[in-house]
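>>> Below: sequence and its predicted model.
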Amino acid sequence: MLRQQRNRLSTETRRQASLSLLRVAIRSGLLLKFKRIGFYLPFDSEMDLLPLLSRSLWQKKHCYLPVVPHRFEKKLGFSRIGATPNWYLNRFGIHEYWTRHRARAHQLDLLLMPLVGFDLNGYRLGMGGGFYDTSLAYLRRRTAWKKPFLMGVAYECQKVETLPHDPWDIPLDAVLTEKKLYRFAAP
């Protein structure tokens, strides 16, 4: 239902939401707090982060995109965006950026994550592949140092009252929408 609702948004509504998301991020000081930021490229009508990514690159942030691992592996790698574009399609038909400059999730300061739905307790409903959950499983064992700061990115229409969750689920620290920044933890 949430995916259908997101898919029903018009192209113009999505474009305007993406620009509004950038304004919310700037107003919140998001781009001032983090140096190494993990982004994603939109798929299946997910929120487009290109304006935020462009602004981050302009501000000399180190920007990374996820790299889906080989079959039967689940941990994402992250490629740093550089001056020479080198794009390819992964096994799901999603564009990925190839570079030797790779990072793991724990090396990022902020990780922006796509989602299907979120609730006000910080729980996220993903696409079901488990790539982000597996890549961030180490956070369940951490008590003091928790990095990266986990931020879901969504349209406001993807917010629900509560989502089912399991004990092993790692809640988000915040969610950024075109309307506001929802904070569940301090950066």
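Alright, I've got the coordinates. Numbering: from 1, shown residues only.

>>> can you tell me the distance between the two ends of stretch 125-136?
Chord length of stretch 125-136, first to last residue, is 15 Å (C-alpha to C-alpha, to the nearest Å).

>>> Enumerate every residue touching the residue nearest the centre of the chain.
Centroid-nearest residue in the chain: residue 113, 1.8 Å away (criterion: C-alpha atoms, centre = their mean). Applying C-beta atoms under 8 Å, 6 or more residues apart in numbering, one finds that residue 113 lies in contact with 40, 124, 126, 132, 150-153, 172. Every residue, glycine included, has its C-beta placed from N, CA and C.

>>> wait, which of those residues is closest to residue 98?
The closest of those to residue 98 turns out to be residue 40 (C-beta to C-beta; 15.8 Å).

>>> sec struct for that closest one, please.
Three-state call for residue 40 (DSSP: H, G, I helix; E, B strand; the rest coil): coil.

>>> One more: residue 12?
From three-state DSSP, the assignment for residue 12 is helix.

>>> what about it, how many neighbours?
8 (other C-beta atoms under 10 Å).

>>> quick one: it from residue 157, how far?
Look at residue 12 and residue 157: by C-beta to C-beta, to the nearest Å, they are 15 Å apart.

>>> circling back to that earlier point, any chance of the contacts of residue 113 in CSV, plus secondary structure, pLDDT and distance to residue 50?
Converted to CSV, those look like this (DSSP: H, G, I helix; E, B strand; the rest coil; pLDDT from 0 to 100; distance: C-beta to C-beta, whole Å):
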residue, secondary structure, pLDDT, distance to residue 50
40, coil, 94, 11
124, strand, 92, 21
126, coil, 82, 21
132, helix, 83, 20
150, strand, 94, 21
151, strand, 96, 17
152, strand, 96, 18
153, strand, 97, 12
172, coil, 94, 22
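
>>> Which single one of the residues you listed is nearest to residue 31?
For the contacts of residue 113, the residue nearest residue 31 by C-beta to C-beta is residue 151; the value is 12.1 Å.

>>> Counting neighbours, what do you get for the closest one?
24.

>>> Report whether the expected contact of it with residue 175 is present.
Yes - here residue 151 reaches residue 175: they are 6.7 Å apart, a contact under C-beta atoms under 8 Å.

>>> quick one: low-confidence parts of this structure?
For the chain, the stretches flagged by pLDDT under 70 are 83, 128, 142-145, 187.

>>> and residue 74, what does it touch?
Residue 74 neighbours (C-beta under 8 Å, 6+ apart): 130-131, 134-135.

>>> What residues does the nearest residue to residue 20 once chain neighbours are set aside make contact with?
Using C-beta to C-beta, 6 or more residues apart in numbering and skipping the chain neighbours, the partner closest in space to residue 20 is residue 178 (3.9 Å). Listed by C-beta under 8 Å, 6+ apart, the contact set of residue 178 reads 16-18, 20-21, 24, 47, 155-156.

>>> Any of those residues buried? List them.
17-18, 20-21, 24, 47, 155 (16 or more other C-beta atoms under 10 Å).
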